[in-house]
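Novice: This is the structure alone, sequence omitted:
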């Protein structure tokens, strides 16, 4: 059974996705202090740093944002000049421009911004100046890929670009057209506002977590939705009518005072376990999770598991369970960068291939880009993954880890 739990109080909005009571996704947002990622601003360039190929931009928050040269070139790489220009050739102090936040301020660093704009919808991502059509790599059916590509070509005009998301599979031309029309209207509002305001100015805020959950995470295979209050129940019903009017999942309110819905389903307990250094496997084995500045290293051990048939089978069973757990934990911990897994050595090449296939097939369900490169010559498994969440979620999860 797949369940979506949503808890909202004065400080946080939390959302958890459970499959057969096992936590697979978790998101949290401060109710009052939200992430800036996705917001659009009209900014004014303050400093240009040729030595860093970057510029600082006043967007109206405490610290100036910064932008790299690559984020100021044409978003379509085929249209970029062969010889990359200097930052001084593309911008200057006092220039006003629309920028979108891609990374929150952190520590002494300001927010990172870009001019490669994008607006996410239910079925697609609209890029007003990208001039290309992309299809999610998770769409593997060639016939469906071609169908979406042909629809995409009819949806955009001039320099517009779109990426058809995995959720677009099987959707009609009319549904996708409605998504584009809505996002195009949002972009028009952003540019109109920019033309009539002085920098710095907030032009558009990314939607709150509650709406993003139903835009990005909700799928028709969710069996139940639990919410923390009758008021939230009504709000979720309204959002469902907007983003998925054809679907009618069961929405229940959990209003007991003793426990929040998140606690009732053991979400924090599972998070604490997921963030430990030593994480047990169901069969008695365990993994050790070490994060360094350069990479993440995961070591697999048989522990108390002695198996039933022979040594090779015992090692394979342990590695197979660890592989499935590691993929789930990469999503929960939002681990990014280089990941090295030291599985237990196995003699049979066939079993090594089976472990690779488990990882390769499982990461397809990860919303973030995750690539499994395979075995190194030293017998280690190599992966890379792009972090998917904002800095506050990472901070909250680190706090969970320390409790």
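Specialist: Good, I have the coordinates. Just so you know, these numbers come straight off a predicted model, no measurement behind them.
Novice: Under a three-state scheme, what state does residue 335 occupy?
Specialist: What DSSP: H, G, I helix; E, B strand; the rest coil gives for residue 335 is coil.
Novice: what's the answer for residue 48, then?
Specialist: strand.
Novice: now what about the helix or strand where residue 4 lies, what contacts it?
Specialist: Under the criterion of DSSP states H and E, residue 4 resides in strand 2-8. For strand 2-8, the external contacting residues (CB atoms under 8 Å, 6 or more residues apart in numbering) are 13-19, 21, 31, 210, 213, 217-218, 221-229, 232, 236, 260-262, 265, 267. Any C-beta I mention is one placed from the backbone N, CA and C, and that applies to glycine too.
Novice: how close does residue 235 sit to residue 241?
Specialist: The gap separating residue 235 from residue 241 is 11 Å, by CB to CB, to the nearest Å.
Novice: Give me the more crowded residue out of those two.
Specialist: residue 235 (16 against 11; other CB atoms under 10 Å).
Novice: Now the helix or strand hosting the more buried one: buried residues?
Specialist: Taking DSSP H and E as the definition, residue 235 sits inside helix 230-243. Using 16 or more other CB atoms under 10 Å as the test for burial, helix 230-243 gives 232, 233, 235, 236, 239, 240.
Novice: Determine the set of other helices and strands touching it.
Specialist: Helix 230-243 is packed against strand 2-8, helix 209-212, strand 224-227, strand 250-253, with contacts defined by 3 or more CB pairs under 8 Å, 6 or more residues apart in numbering; DSSP states H and E.
Novice: Sheet partners, orientation included, of the third one?
Specialist: When you say that, I think you mean strand 224-227. Next to strand 224-227 in the sheet, as set by DSSP bridges, lie strand 2-8 (parallel), strand 250-253 (parallel).
Novice: how deep is residue 203 tucked in, by neighbour count?
Specialist: Residues near residue 203, counting by other CB under 10 Å: 21.
Novice: Next, it: secondary structure please.
Specialist: Going by three-state DSSP: residue 203 is strand.
Novice: residues in contact with it?
Specialist: 40, 41, 42, 98, 190, 193, 194, 197.
Novice: Surely residue 197 is in a helix?
Specialist: No. Assigned with three-state DSSP, residue 197 falls outside any helix and is coil.
Novice: Quick check, it in contact with residue 41.
Specialist: No. Between residue 197 and residue 41 there is no contact under CB atoms under 8 Å: 10.3 Å.
Novice: And the helices in the stretch 151-300 of the chain?
Specialist: All helices of the stretch 151-300 of the chain, identified by DSSP state H, counting those that start in this stretch, fall at 173-195, 209-212, 230-243, 261-264, 267-274.
Novice: now the stretch 1-150 of the chain
Specialist: For the stretch 1-150 of the chain, helices defined by DSSP H, counting those that start in this stretch occupy the ranges 87-90, 142-155.
Novice: before we move on, what about the stretch 301-403 of the chain?
Specialist: Counting by DSSP H, counting those that start in this stretch, the helices of the stretch 301-403 of the chain are 311-333, 349-362, 391-402.
Novice: hey, which of those is tucked in deepest?
Specialist: Ranked by mean neighbour count, the helices of the stretch 301-403 of the chain are led by helix 311-333 with a mean of 20 (mean count of other CB atoms under 10 Å).
Novice: now the helices of the stretch 301-403 of the chain as CSV including mean pLDDT and distance to residue 27?
Specialist: Below are those laid out as CSV (pLDDT from 0 to 100; distance: least, CB to CB, whole Å):
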stretch, mean pLDDT, distance to residue 27
helix 311-333, 93, 11
helix 349-362, 95, 20
helix 391-402, 63, 6
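Novice: For those, give me TSV that also has distance to residue 119.
Specialist: Listed next are the helices of the stretch 301-403 of the chain as TSV, based on distance: least, CB to CB, whole Å:
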stretch	distance to residue 119
helix 311-333	24
helix 349-362	30
helix 391-402	21
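Novice: Now tell me which of the helices and strands packed on helix 230-243 the model trusts least on average.
Specialist: Note on the helices and strands packed on helix 230-243: helix 209-212 shows the lowest mean pLDDT, a mean of 83.
Novice: chain center to it: distance?
Specialist: From the chain centre to the centre of helix 209-212 is a distance of 13 Å (CA atoms, centre = their mean, to the nearest Å).
Novice: Endpoints of stretch 164-175, how far apart?
Specialist: 12 Å (CA to CA, to the nearest Å).
Novice: which residues are in contact with it?
Specialist: With CB under 8 Å, 6+ apart as the test, stretch 164-175 has contacts from 122-125, 133-136, 138-139, 141, 144, 148-149, 151-152, 154, 176, 219.
Novice: OK, contacts around the nearest residue to residue 237 once chain neighbours are set aside?
Specialist: Of all residues not flanking residue 237 in the chain, residue 251 sits nearest, at 6.2 Å (CB to CB, 6 or more residues apart in numbering). Shown in contact with residue 251 (CB under 8 Å, 6+ apart): 225, 226, 227, 233, 236, 237, 240.
Novice: Residue 62: which of the helices of the stretch 151-300 of the chain is closest?
Specialist: helix 173-195 (21.9 Å; CB to CB).
Novice: list the buried ones in the closest one?
Specialist: Under 16+ other CB under 10 Å, the buried positions of helix 173-195 are 176, 179, 180, 183, 184, 187, 190, 193, 194.
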